[in-house]
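Asker: quick one: sequence plus predicted model below, questions after.
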Amino acid sequence: MKHRMIMGVMLLGALLWLAACGSQTNTSQGTTSSAPTTVPGARAVHVVIQDGTITSSMKNFNAGIPYTFTVVNQGKTSHNFIILKRISGAAATTPPPNSGILYIVPATQLTPGTTRTFSYQFPLSAEQGSLQFTTHLAGPGGPEGAHIPVNVTKG
(Lines give C-alpha, C1' and ligand atoms only; values in the text may rest on other atoms or scores of the structure.)
Protein backbone atom coordinates (compact mmCIF):
# COMPACT_ATOMS: atom_id res chain seq x y z
CA MET A 1 0.00 0.00 0.00
CA LYS A 2 2.83 2.39 0.90
CA HIS A 3 4.54 1.55 -2.39
CA ARG A 4 1.36 2.46 -4.33
CA MET A 5 1.08 5.76 -2.50
CA ILE A 6 4.70 6.66 -3.29
CA MET A 7 4.23 5.67 -6.94
CA GLY A 8 1.03 7.74 -7.10
CA VAL A 9 2.78 10.82 -5.75
CA MET A 10 5.67 10.33 -8.19
CA LEU A 11 3.24 9.90 -11.11
CA LEU A 12 1.34 13.06 -10.17
CA GLY A 13 4.60 15.01 -9.90
CA ALA A 14 5.71 13.79 -13.33
CA LEU A 15 2.34 14.65 -14.86
CA LEU A 16 2.36 18.12 -13.33
CA TRP A 17 5.89 18.67 -14.63
CA LEU A 18 4.88 17.55 -18.13
CA ALA A 19 1.80 19.77 -18.08
CA ALA A 20 3.95 22.73 -17.03
CA CYS A 21 6.43 22.18 -19.88
CA GLY A 22 4.17 23.76 -22.51
CA SER A 23 5.23 27.14 -23.82
CA GLN A 24 2.85 29.98 -22.94
CA THR A 25 2.24 33.55 -23.96
CA ASN A 26 0.11 36.13 -22.16
CA THR A 27 -2.82 37.71 -23.97
CA SER A 28 -5.41 40.22 -22.87
CA GLN A 29 -7.84 37.35 -22.26
CA GLY A 30 -5.58 35.14 -20.16
CA THR A 31 -2.82 32.63 -20.79
CA THR A 32 -2.72 30.74 -24.07
CA SER A 33 -0.30 27.96 -25.00
CA SER A 34 1.72 28.56 -28.14
CA ALA A 35 2.44 26.29 -31.11
CA PRO A 36 5.20 24.05 -29.62
CA THR A 37 2.57 22.13 -27.61
CA THR A 38 0.66 20.98 -30.72
CA VAL A 39 1.28 18.27 -33.30
CA PRO A 40 0.78 19.06 -37.01
CA GLY A 41 -2.16 17.09 -38.45
CA ALA A 42 -3.65 16.30 -35.04
CA ARG A 43 -7.43 16.23 -34.69
CA ALA A 44 -8.84 19.27 -32.89
CA VAL A 45 -10.82 18.87 -29.65
CA HIS A 46 -12.46 21.88 -28.00
CA VAL A 47 -13.29 21.57 -24.28
CA VAL A 48 -15.19 24.21 -22.31
CA ILE A 49 -15.18 24.19 -18.51
CA GLN A 50 -17.63 26.27 -16.51
CA ASP A 51 -18.35 26.14 -12.80
CA GLY A 52 -20.11 22.77 -12.46
CA THR A 53 -20.04 21.70 -16.12
CA ILE A 54 -17.65 20.41 -18.76
CA THR A 55 -18.36 19.95 -22.49
CA SER A 56 -16.26 18.52 -25.30
CA SER A 57 -16.58 18.79 -29.08
CA MET A 58 -15.60 15.10 -29.29
CA LYS A 59 -16.44 12.13 -27.09
CA ASN A 60 -15.17 9.30 -29.30
CA PHE A 61 -11.43 8.89 -29.81
CA ASN A 62 -9.02 6.44 -31.42
CA ALA A 63 -5.98 5.20 -29.52
CA GLY A 64 -2.65 6.03 -31.17
CA ILE A 65 -4.02 9.08 -33.03
CA PRO A 66 -2.77 12.56 -31.98
CA TYR A 67 -5.33 15.10 -30.77
CA THR A 68 -4.84 18.80 -30.06
CA PHE A 69 -6.94 19.84 -27.08
CA THR A 70 -7.97 23.44 -26.55
CA VAL A 71 -9.37 23.75 -23.03
CA VAL A 72 -11.15 26.99 -22.11
CA ASN A 73 -12.08 27.90 -18.53
CA GLN A 74 -15.21 30.05 -18.77
CA GLY A 75 -15.91 29.67 -15.05
CA LYS A 76 -15.35 32.10 -12.21
CA THR A 77 -12.93 29.79 -10.36
CA SER A 78 -9.81 27.84 -11.33
CA HIS A 79 -10.37 24.28 -12.55
CA ASN A 80 -8.31 21.18 -13.32
CA PHE A 81 -8.72 19.34 -16.60
CA ILE A 82 -8.06 15.64 -16.11
CA ILE A 83 -8.18 12.69 -18.49
CA LEU A 84 -8.55 9.58 -16.41
CA LYS A 85 -9.68 5.98 -16.39
CA ARG A 86 -13.21 5.61 -15.08
CA ILE A 87 -13.35 3.72 -11.83
CA SER A 88 -16.29 1.48 -11.05
CA GLY A 89 -17.47 -0.55 -8.11
CA ALA A 90 -16.42 0.14 -4.51
CA ALA A 91 -13.28 1.98 -5.61
CA ALA A 92 -15.44 4.65 -7.32
CA THR A 93 -16.51 6.15 -4.00
CA THR A 94 -12.99 6.53 -2.59
CA PRO A 95 -10.40 5.83 -5.29
CA PRO A 96 -6.73 5.70 -4.34
CA PRO A 97 -5.02 9.10 -4.76
CA ASN A 98 -4.14 9.90 -8.37
CA SER A 99 -5.30 6.49 -9.60
CA GLY A 100 -5.90 6.24 -13.32
CA ILE A 101 -4.75 9.76 -14.26
CA LEU A 102 -3.54 9.84 -17.86
CA TYR A 103 -3.14 13.61 -18.28
CA ILE A 104 -3.75 16.67 -16.12
CA VAL A 105 -3.77 20.41 -16.60
CA PRO A 106 -3.65 21.70 -13.01
CA ALA A 107 -5.97 24.43 -11.76
CA THR A 108 -2.99 26.77 -11.42
CA GLN A 109 -2.81 26.74 -15.23
CA LEU A 110 -6.59 26.97 -15.79
CA THR A 111 -7.56 30.13 -13.98
CA PRO A 112 -10.78 31.96 -14.99
CA GLY A 113 -10.65 33.13 -18.61
CA THR A 114 -7.60 30.99 -19.44
CA THR A 115 -7.14 28.81 -22.52
CA ARG A 116 -4.65 25.90 -22.58
CA THR A 117 -3.67 24.05 -25.73
CA PHE A 118 -1.82 20.73 -25.68
CA SER A 119 -1.45 17.58 -27.75
CA TYR A 120 -2.32 14.16 -26.42
CA GLN A 121 -2.39 10.68 -27.89
CA PHE A 122 -4.49 8.07 -26.11
CA PRO A 123 -2.29 5.04 -25.43
CA LEU A 124 -2.95 1.83 -27.31
CA SER A 125 -3.46 0.21 -23.91
CA ALA A 126 -6.45 2.48 -23.13
CA GLU A 127 -9.46 0.35 -22.38
CA GLN A 128 -12.38 0.90 -24.71
CA GLY A 129 -15.08 3.14 -23.28
CA SER A 130 -13.38 3.42 -19.92
CA LEU A 131 -12.15 7.01 -19.77
CA GLN A 132 -13.56 10.36 -18.72
CA PHE A 133 -12.76 14.05 -18.71
CA THR A 134 -13.20 15.59 -15.27
CA THR A 135 -12.40 18.78 -13.38
CA HIS A 136 -11.85 17.34 -9.90
CA LEU A 137 -11.04 13.95 -8.41
CA ALA A 138 -13.25 12.61 -5.66
CA GLY A 139 -11.56 12.52 -2.29
CA PRO A 140 -12.55 10.74 0.90
CA GLY A 141 -16.07 11.95 1.55
CA GLY A 142 -15.88 14.51 -1.26
CA PRO A 143 -17.75 14.56 -4.55
CA GLU A 144 -16.19 14.19 -7.97
CA GLY A 145 -16.14 17.31 -10.11
CA ALA A 146 -17.97 17.85 -13.37
CA HIS A 147 -17.21 14.96 -15.70
CA ILE A 148 -18.17 13.40 -19.02
CA PRO A 149 -17.48 9.86 -20.21
CA VAL A 150 -15.43 9.45 -23.38
CA ASN A 151 -14.91 6.39 -25.53
CA VAL A 152 -11.56 5.25 -26.86
CA THR A 153 -11.26 2.51 -29.46
CA LYS A 154 -8.17 0.90 -30.91
CA GLY A 155 -7.06 3.07 -33.86
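Answerer: In hand now; what should we look at? Numbers count the residues shown, from 1 in each chain.

Asker: now the helices for the protein?
Answerer: In the chain, the segments counted as helices under DSSP state H are 2-20.

Asker: so, low pLDDT: which residues of it?
Answerer: 1-38, 87-99, 127-129, 138-144, 155 (pLDDT under 70).

Asker: who does the nearest residue to Leu124 once chain neighbours are set aside bridge with?
Answerer: Spatial nearest neighbour of Leu124, excluding adjacent residues (CB to CB, 6 or more residues apart in numbering): Ala63 at 4.8 Å. (Each C-beta comes from the backbone N, C-alpha and C, glycine too.) Under DSSP bridges, the beta-bridge partners of Ala63 are Lys154.

Asker: now Ser119
Answerer: Thr68.

Asker: repeat that for Phe81.
Answerer: Under the criterion used (DSSP bridges), Phe81 bridges to Val105.

Asker: that one contacts Thr115, correct?
Answerer: No: contact criterion CB atoms under 8 Å: Phe81 and Thr115 do not qualify, at 11.1 Å.

Asker: correct me, but the residue nearest to Leu124 touches Pro123?
Answerer: Yes: Ala63 lies in contact with Pro123 (CB under 8 Å); the separation is 6.3 Å.

Asker: between those two, which has more neighbouring residues?
Answerer: Shown here are Ala63 and Pro123; by other CB atoms under 10 Å, Ala63 has more neighbours (16 against 10).

Asker: run through the residues that contact the more buried one.
Answerer: Contact partners of Ala63, counting by CB atoms under 8 Å, 6 or more residues apart in numbering, are 121-126, 152-155.

Asker: please report how far it lies from His136.
Answerer: Distance of Ala63 to His136, given as CB to CB, to the nearest Å: 25 Å.

Asker: returning to that earlier point: which neighbours do Phe81 and Thr115 share?
Answerer: Val71.

Asker: which one of those two is surrounded by more residues?
Answerer: Using other CB under 10 Å as the criterion, Phe81 and Thr115 rank with Phe81 on top: 24 against 17.
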